[in-house]
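Trainee: need a structure here:
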Amino acid sequence: MTTVLARLPRPRMNLWRLEWLRLIRTPRALALGAVFVFFGLLEPVLTRYQSQIFRHVGNGVHISFRDSPSTPPPRPSGTCSARSPRGSRPMC
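Mentor: Reported below is the predicted structural model:
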């Protein structure tokens, strides 16, 4: 006695079908969905309160990239130091 599902033609097994069956067979899909929902809900909150969070965590440390006395001004000689694999001319 055969069931109706046993008589239906099945599609050929390929790598995409195999991966899909493995994904829905295991709880990976649920875990992946939970991670996406978690970060999707957390991102707007972190973006909104980013300055307060960094101020609280930073303990008064201030990082500035403009006119910092500890960094030297950029030089044209240091901007294109990478060479091509043959070594004949700069890559930039």
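Trainee: scan the protein for its longest helix.
Mentor: Ranked by residue count and defined by DSSP state H, the top helix of the chain is helix 28-48.
Trainee: which residue, other than its chain neighbours, is closest to A29?
Mentor: Leaving out its chain neighbours, the residue that sits closest to A29 by CB to CB, 6 or more residues apart in numbering is L23, at 5.1 Å. For the C-beta atoms, the positions are set from N, CA and C on the backbone; glycine is no exception.
Trainee: that neighbour belongs to a helix, doesn't it?
Mentor: Yes - with DSSP: H, G, I helix; E, B strand; the rest coil as the criterion, L23 is located in a helix.
Trainee: returning to what we had before: what's downstream of the longest helix of the chain, the next helix or strand?
Mentor: Moving toward the C-terminus from helix 28-48, the next helix or strand (DSSP states H and E) is helix 50-58.
Trainee: show me the contact partners of stretch 12-28.
Mentor: Under the contact criterion CB atoms under 8 Å, 6 or more residues apart in numbering, stretch 12-28 has outside partners P11, A29.
Trainee: rounded mean pLDDT for that stretch, please.
Mentor: Averaging pLDDT along stretch 12-28 yields 85.
Trainee: please export the C-alpha coordinates of that stretch as CSV.
Mentor: The C-alpha coordinates for stretch 12-28 follow below in CSV (Å, rounded to 0.1, in the frame of the first residue of the first chain):
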residue,chain,number,x,y,z
ARG,A,12,16.4,15.9,-8.5
MET,A,13,18.7,16.5,-5.7
ASN,A,14,21.2,19.2,-6.3
LEU,A,15,23.5,21.2,-3.9
TRP,A,16,21.0,24.0,-3.4
ARG,A,17,18.2,21.6,-2.6
LEU,A,18,20.4,19.7,-0.2
GLU,A,19,21.5,22.9,1.6
TRP,A,20,17.8,24.0,1.8
LEU,A,21,16.8,20.7,3.3
ARG,A,22,19.6,20.8,5.8
LEU,A,23,18.7,24.3,6.7
ILE,A,24,15.0,23.6,7.4
ARG,A,25,15.8,20.3,9.1
THR,A,26,18.0,21.8,11.7
PRO,A,27,17.4,24.8,14.0
ARG,A,28,19.9,26.8,12.1
